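*Asks:* Give me coordinates for this.
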Amino acid sequence: MNTPYLHPRDELALVMERIYRYKMTTLSGGNLSIRGDENDLWITPSGVDKGTLGRRDMVRVRADGTFEGPHRPSSELPFHQAIYRARPDLRAIVHAHPMALVAFSLLRRAPETRALPLSWQIEGRVGFAPYGRPGSEDLGRKIAAEYARGFDSVILENHGVCCAGPDLPAAFQRFETLEFTAKSLIKAAAIGPVRRLTPAQMRAYARAAPALPEFDPDPPRNREKELRRELCDFVQRGCRQRLLTAAAGSYSARLGPDEFLITPYPFDRYAVAPADLVRVCRGRRERGRTPSRAAALHRAIYRAHPAAQSLINAHPIHATAFSLARQTPDSRAIPESYVLIREVSRLPFEAPLRDFDAVAAALTPSRPVAILENNGVMALGESVLGAYDRLEVLEHTAEALLDARALGRPRPMPPAVIADLRRVFLGQK
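*Replies:* Below you'll find the model as predicted:
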């Protein structure tokens with residue numbers, strides 16, 4: 001989303017449409033705002049269906065308190081104004097009632113963001129505001145007090161969440177990342193205890209993206225153009241299917257023996273375009289572009305496995321729950337799962353950061369999926385579609401296993417069935 005060229009009306013409409021489509025609010029719940037020019041404020045209206053909200057529905061609130069637009073401003077306007085007064089550095093706010101964060105609000109606690117490195121990087125510590133009646137000045141004071149303490153995301157007791165940022169994309173990323181973290185933690189609780197990352201592990205993550213030297217690429221040939229379009233299509237599909245988030249996920253595809261395309265860093269995955277992808281050749285990046293933090297890891301895996309054509313790092317909710325609990329989903333539970341993702345590997349948190357050889361040894365064409373402890377999953381494919389298919393099947397398998405745990409003890413297929421699948425589908429005796 002190229003926000004410098006979008007009017008606040010359009011930004012609000014686009015982000016609210018995304019929030020509603022992702023089922024992170026209801027037609028009557030939630031509100032967004034942007035601090036505009038001359039200290040005016042653009043905000044979503046009160047009493048308008050969030051599923052049909054358009055640019056013409058947005059309300060401009062002037063500094064003197066008067067407003068213009070076809071509707072009244074959101075009833076939560078007082079707390080938006082209170083936050084902006086408390087934090088002049090913030091210019092956008094997202095408030096909604098996504099189910100997992102509401103669940104945390106009912107327990108009067110915030111999600112543990114130190115369980116995932118990206119959650120900690122984007123969120124830091126999360127504040128908690130005591131109950132206040134919706135729409136009241138009292139609620140505004142309580143939320144603003146948390147923002148004045150330096151929090152950028154605040155859980156509202158028995159209510160929902162409020163996330164803010166220097167612009168609307170940043171506020172939305174905080175909102176989506178916190179909801180994804182909350183959902184993953186809830187699912188992980190059904191598997192086993194979640195261990196948060198240590199300060200040393202956080203430091204290792206922060207240091208794990210060395211800068212690559214640059215090169216001047218030749219103009220793209222038709223195969224590269226086609227591959228750029230295919231990658232973008234699947235990145236956007238991954239966002240729609242909630243396998244990727246705006247802030248998390250890397251996707252690459254091989255161009256040559258030591259050359260590949262990869263998603264950039266940082267960027268909104270939902271809005272990635274073919275021209276945004278970064279070409280990496282012999283360990284160098286095309287001039288003026290910053291590739292994913294995982295670029296060096298992807299290169300090591302491609303060099304180790306010439307048949308590999310595509311790689312994904314992702315954080316789908318149910319598979320990430322196994323990552324947080326440091327356990328491995330059993331692919332022997334479902335025939336399709338075993339045939340497609342085979343035996344799932346599990347790697348310690350540090351391996352993808354500094355032991356690329358260990359990752360390349362574990363993630364192979366014969367074992368193409370790996371759980372990364374406290375950091376999501378990886379999937380390897382013989383094509384862009386093949387890598388995505390494995391990621392999707394892994395997530396569906398993880399969800400089925402978690403659902404089964406609510407009913408009893410999931411049972412894998414017996415060895416004779418596994419042997420038959422290996423013989424018929426994998427050509428193994």
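*Asks:* mind listing the helices for the stretch 301-429 of the chain?
*Replies:* 317-325, 335-341, 351-354, 356-362, 384-405, 415-425 (DSSP state H, counting those that start in this stretch).
*Asks:* CSV please, covering the ones you listed and showing distance to residue 265, mean neighbour count and mean pLDDT.
*Replies:* Backbone N, C-alpha and C define where each C-beta goes, glycine included. Formatted as CSV, the helices of the stretch 301-429 of the chain follow (distance: least, Cβ to Cβ, whole Å; neighbours: other Cβ atoms under 10 Å; pLDDT from 0 to 100):
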stretch, distance to residue 265, mean neighbour count, mean pLDDT
helix 317-325, 19, 26, 98
helix 335-341, 27, 19, 96
helix 351-354, 15, 20, 94
helix 356-362, 18, 16, 96
helix 384-405, 19, 20, 97
helix 415-425, 37, 13, 94
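*Asks:* Just send those back as a markdown table, with distance to residue 257 too.
*Replies:* Shown next, in a markdown table, are those (distance: least, Cβ to Cβ, whole Å):
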| stretch | distance to residue 257 |
| --- | --- |
| helix 317-325 | 31 |
| helix 335-341 | 27 |
| helix 351-354 | 23 |
| helix 356-362 | 15 |
| helix 384-405 | 18 |
| helix 415-425 | 30 |
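*Asks:* which residue is nearest the middle of this structure?
*Replies:* residue 245 (2.5 Å; Cα atoms, centre = their mean).
*Asks:* Can you tell me how far that residue is from residue 198?
*Replies:* For residue 245, the distance to residue 198 equals 24 Å [Cβ to Cβ, to the nearest Å].
*Asks:* List the buried residues in stretch 51-64.
*Replies:* 53, 57-61 (16 or more other Cβ atoms under 10 Å).
*Asks:* Then stretch 363-371?
*Replies:* By 16+ other Cβ under 10 Å, the buried positions in stretch 363-371 come out as 363-364, 368-371.
*Asks:* what's the spacing between stretch 301-311 and its chain's center?
*Replies:* Distance of stretch 301-311 from its chain centroid, counting by Cα atoms, centre = their mean, to the nearest Å, is 25 Å.
*Asks:* So for that stretch, what gets flagged as buried?
*Replies:* For stretch 301-311, using 16+ other Cβ under 10 Å, the buried residues are 301-302, 305, 308-311.
*Asks:* would you turn those residues into JSON lines with distance to residue 95?
*Replies:* Shown next, in JSON lines, are the buried residues of stretch 301-311 (distance: Cβ to Cβ, whole Å):
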{"residue": "301", "distance to residue 95": "41"}
{"residue": "302", "distance to residue 95": "43"}
{"residue": "305", "distance to residue 95": "46"}
{"residue": "308", "distance to residue 95": "43"}
{"residue": "309", "distance to residue 95": "43"}
{"residue": "310", "distance to residue 95": "38"}
{"residue": "311", "distance to residue 95": "37"}
